[in-house]
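Student: The sequence isn't on hand, but the structure is:
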């Protein structure tokens, strides 16, 4: 074998080693907590939160196959409130109310405006890049939801007790990120870090937050909602 051929074979082996993670799968857990000062005021419901691990030492596999998520509009509410999709995935927004809705988002994850559409009709949106999209209705200011598009299938949504659980993690290096609705980005950035997943299960620790407060949002024109905007539909 020539020197050039030998070097090419070594490079190919390295690429395969990068692309194929260890066959062993571990579990990672973490917990969302309020600061002592916030939790002492009164019992509060924990906000929606997602923790994800992005592989650094191997290429992330695709999300498990499945139907597109549905975010139903009924009783002037999006259900479910939070959806996680792969980059390139779509979410369907059916209108099950007996009046019009106008779903839109002006945030970095995906900017879109579905326009007015009537009862028993539906629209879909493709989330083509990674990011967090805050979803609203231009008619009903009380309606809000969140779609998070990720390039990694390794994520966990906090349960009612604040527990995150990520399963099926191959051994390797990851970047950890977390999102908590209503929390300030500088607080969330403190938890971005590199983690190593080994053969044993791992506890990623506590995600400690203040009591997040939802911020008032504007309509799709960047203006405050009028008091009668929702009364005509």
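Tutor: Perfect, I can see it now. Just so we're clear, the structure is a prediction, and the values are computed from it rather than from any experiment.

Student: centroid residue for this structure?
Tutor: Residue closest to the average C-alpha location in the chain (C-alpha atoms, centre = their mean): residue 148, at 2.9 Å.

Student: is it true that that one touches residue 86?
Tutor: No - Residue 148 is beyond contact range of residue 86, at 10.4 Å (criterion: C-beta atoms under 8 Å). (Each C-beta comes from the backbone N, C-alpha and C, glycine too.)

Student: show me the contacts for residue 28.
Tutor: Applying C-beta atoms under 8 Å, 6 or more residues apart in numbering to residue 28 gives the contacts 53, 156, 164, 165, 166, 169, 195, 197, 201, 202, 203, 204.

Student: right, and the helix or strand after the helix or strand of the chain with the lowest mean pLDDT?
Tutor: Taking mean pLDDT, DSSP states H and E as the measure, helix 3-19 is the helix or strand of the chain with the lowest mean score, a mean of 42. Downstream of helix 3-19, the next assigned helix or strand under DSSP states H and E is strand 25-34.

Student: Quickly find the element holding residue 188.
Tutor: Using DSSP H and E, the element containing residue 188 is helix 185-189.

Student: For that helix, report the contacting residues that lie outside it.
Tutor: Around helix 185-189, the neighbours that count as contacts under C-beta under 8 Å, 6+ apart are 177, 178, 179, 180, 209, 210.

Student: quick one: low-confidence ranges for the chain?
Tutor: Where the chain drops to pLDDT under 70, the residues are 1-24, 36-43, 228-233.

Student: returning to what we had before: okay, and which of the contacts of helix 185-189 map to strands?
Tutor: Of the contacts of helix 185-189, the ones assigned to strands by DSSP state E are 177, 178, 179, 180, 209.

Student: Those: which two are farthest apart?
Tutor: Greatest spatial distance among the ones in strands among the contacts of helix 185-189 (C-beta to C-beta): 177 and 209, at 14.4 Å.

Student: Which one of those two is surrounded by more residues?
Tutor: Legend: neighbour count by other C-beta atoms under 10 Å for residue 177 and residue 209, higher for residue 209 (23 against 18).

Student: Just the buried residues of stretch 161-177, please?
Tutor: Under the neighbour-count criterion of 16 or more other C-beta atoms under 10 Å, stretch 161-177 has 162, 164, 166, 169, 170, 171, 172, 174, 176, 177 buried.

Student: Over to stretch 131-146?
Tutor: For stretch 131-146, burial by neighbour count (16+ other C-beta under 10 Å) applies to 132-141, 143-146.

Student: With respect to residue 222, which of those is nearest?
Tutor: Checking these against residue 222 with C-beta to C-beta, the nearest one is residue 138 at 11.3 Å.

Student: Not counting sequence-adjacent ones, nearest residue to that closest one?
Tutor: residue 102 (3.9 Å; C-beta to C-beta, 6 or more residues apart in numbering).

Student: From residue 159, how far off is that neighbour?
Tutor: As defined by C-beta to C-beta, to the nearest Å, residue 102 lies at a distance of 32 Å from residue 159.

Student: more neighbours, these two?
Tutor: The neighbour count for residue 102 versus residue 159, taken as other C-beta under 10 Å, is higher for residue 102 (19 against 13).

Student: wouldn't that one be in contact with residue 141 here?
Tutor: No - the criterion here is C-beta under 8 Å, and residue 102 misses it with residue 141 at 11.6 Å.

Student: sorry, back to before: greatest separation within the contacts of residue 28: which pair is it?
Tutor: Across these, the longest distance by C-beta to C-beta is 15.2 Å; it joins 165 and 195.

Student: Burial check on residue 222, number of neighbours?
Tutor: Neighbour count for residue 222, taken as other C-beta under 10 Å: 7.
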